[in-house]
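Novice: Okay, sequence plus prediction incoming.
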Amino acid sequence: MALGSPFGGAETVAVSAALLLSGGLVLYAAQSLTDWRRGDDDEPIDDLRETIAGQDRVALVVPEGPSIDALAAAMGLQSLCTEWGVTGQLFAEGPVTGEDSKTFCNIFDLELAVIGDEGAEDLTEADAAIAVGGGGAVPRLSNNPPVVAVVRHRPTAEENILTLTPTGDGATSTTVTRLLEAEDAVPDQRVATALLHGVRAGTREFRRANGSHDYEAAGFLHAYADLGRIEDLRSPGMSGDTFDVISDAIANRERRASFAVTNVGSVPSVSALDEAADTMLRLEGVSTAAVFGLHEETIVVSCRAEDVRTNAVDILDSAFGTSETTGGNTDAATARVPLGLFAKVDGDHEETLDMLIDASTRKALFEAFESS
């Protein structure tokens with residue numbers, strides 16, 4: 001039951017619209033909202049309602065190191081669950097690592113349980129699970145609870161579960177907003193603000209918008225969102241350590257084609273690497289970036305892919321092996337390679353070790369990108 005391509009529409013109506021968003025004036029020409037009908041005349045919102053309705057509790061599961069887009073989309077789906085009399089609980093496959101995502105969780109007071117964490121909500125108490133966002137493998141959760149649906153803007157090859165993966169959407173938040181519209185559900189200010197920020201983050205401020213759906217979703221949400229809070233989310237604080245890591249990343253970068261690789265040496269936290277990788281994507285000519293450094297006797301690599309033809313997880317899997325890729329999705333992934341015995345190298349040989357790590361890691365990443 002898959003919806004792979006953009007949801008087909010019968011009628012095209014040109015609409016000129018101007019939206020005063022907090023980031024500035026966005027002027028665009030858009031089509032009318034495309035309908036969601038499939039060949040059997042069912043609509044995705046009906047399929048999703050039938051899949052969820054009747055359940056008592058549904059787990060909405062985002063990937064490890066979730067993006068703002070995935071978190072916002074999960075909030076939107078939680079709102080839909082409430083519409084249908086179902087309790088939707090938010091879970092993550094792993095911890096939130098990005099500073100922007102942490103800020104998002106704090107501002108919206110998000111109750112997000114990390115699967116496996118001591119004291120976290122018990123995932124097995126849910127009747128069913130929905131995988132939200134990301135682009136990698138769909139979580140299996142040992143079938144306890146069973147994953148009954150996937151909602152993301154990236155295609156996925158899954159059978160026997162409901163897959164809402166419209167490739168015409170540039171963000172999963174766009175997909176969820178369209179579901180809310182199809183259900184005639186008006187989001188409250190908190191959810192609308194989160195989804196609007198999710199659309200903007202997922203499309204890189206509309207630079208990666210796939211078509212009119214992203215602008216239409218933003219237009220719908222604009223009427224209900226708190227634009228002042230959007231501005232707070234767009235300008236989170238940055239620690240001095242993170243600023244230093246970003247500076248090192250830019251200074252030490254090496255670019256081949258659209259792929260930039262850089263080494264930042266020892267880092268105080270993995271989140272600083274994530275911030276540096278996000279920043280690298282803003283450099284001219286860069287659409288994929290990998291930043292690596294040493295943290296707690298481990299080589300940590302943070303990869304970001306803005307080009308829809310590139311998969312961050314695949315690059316790291318190819319470079320270091322699937323056993324070292326600890327989490328992520330198509331857009332963002334992280335790998336950890338323990339130093340092992342090399343962590344015992346004394347100070348006299350530390351510079352040689354650093355040179356070997358730099359050369360071998362850059363080589364592995366560039367070869368992986370070229371073969372991807």
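Specialist: Thanks, I have it. None of these values were measured; they are calculated from a predicted model.

Novice: Would you map the helices across the stretch 51-200 of the chain?
Specialist: Here the stretch 51-200 of the chain has its helices, by DSSP state H, counting those that start in this stretch, at 68-83, 99-107, 172-182, 189-202.

Novice: which one of those has the lowest average pLDDT?
Specialist: Ranked by mean pLDDT, the helices of the stretch 51-200 of the chain bottom out at helix 99-107, which scores a mean of 86.

Novice: CA atoms only for that one, dumped as CSV, please.
Specialist: Taking C-alpha atoms only, helix 99-107 is exported to CSV below (Å, rounded to 0.1, in the frame of the first residue of the first chain):
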residue,chain,number,x,y,z
GLU,A,99,22.0,21.6,18.9
ASP,A,100,19.1,22.8,16.7
SER,A,101,17.0,19.7,17.5
LYS,A,102,17.8,20.0,21.2
THR,A,103,16.6,23.7,21.1
PHE,A,104,13.5,22.6,19.3
CYS,A,105,12.7,20.0,22.0
ASN,A,106,13.2,22.5,24.7
ILE,A,107,11.1,25.3,23.2
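
Novice: tell me the angle it makes with helix 68-83.
Specialist: 30 degrees (axes from the mean of the first three to the mean of the last three CA atoms, to 10 degrees).

Novice: and helix 99-107, which residues are buried?
Specialist: Within helix 99-107, the residues scored as buried using 16 or more other CB atoms under 10 Å are Glu99, Asp100, Ser101, Thr103, Phe104, Cys105, Ile107. The C-beta positions use only the backbone N, C-alpha and C, and glycine is treated the same way.

Novice: hmm, back to that, turn the helices of the stretch 51-200 of the chain into CSV, including distance to Gly240.
Specialist: Below are those laid out as CSV (distance: least, CB to CB, whole Å):
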stretch, distance to Gly240
helix 68-83, 23
helix 99-107, 13
helix 172-182, 32
helix 189-202, 24
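
Novice: which stretch among those helices comes nearest Val245?
Specialist: helix 99-107 (11.2 Å; CB to CB).

Novice: Show me what the closest one is packed up against.
Specialist: helix 68-83, helix 189-202, helix 227-234, helix 270-280 (3 or more CB pairs under 8 Å, 6 or more residues apart in numbering; DSSP states H and E).

Novice: Dump these into TSV; add mean neighbour count as well.
Specialist: Shown next, in TSV, are the helices and strands packed on helix 99-107 (neighbours: other CB atoms under 10 Å):
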stretch	mean neighbour count
helix 68-83	25
helix 189-202	26
helix 227-234	15
helix 270-280	24
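
Novice: Format these as JSON lines; extra columns: distance to Ser318.
Specialist: Listed next are the helices and strands packed on helix 99-107 as JSON lines, based on distance: least, CB to CB, whole Å:
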{"stretch": "helix 68-83", "distance to Ser318": "24"}
{"stretch": "helix 189-202", "distance to Ser318": "25"}
{"stretch": "helix 227-234", "distance to Ser318": "34"}
{"stretch": "helix 270-280", "distance to Ser318": "17"}
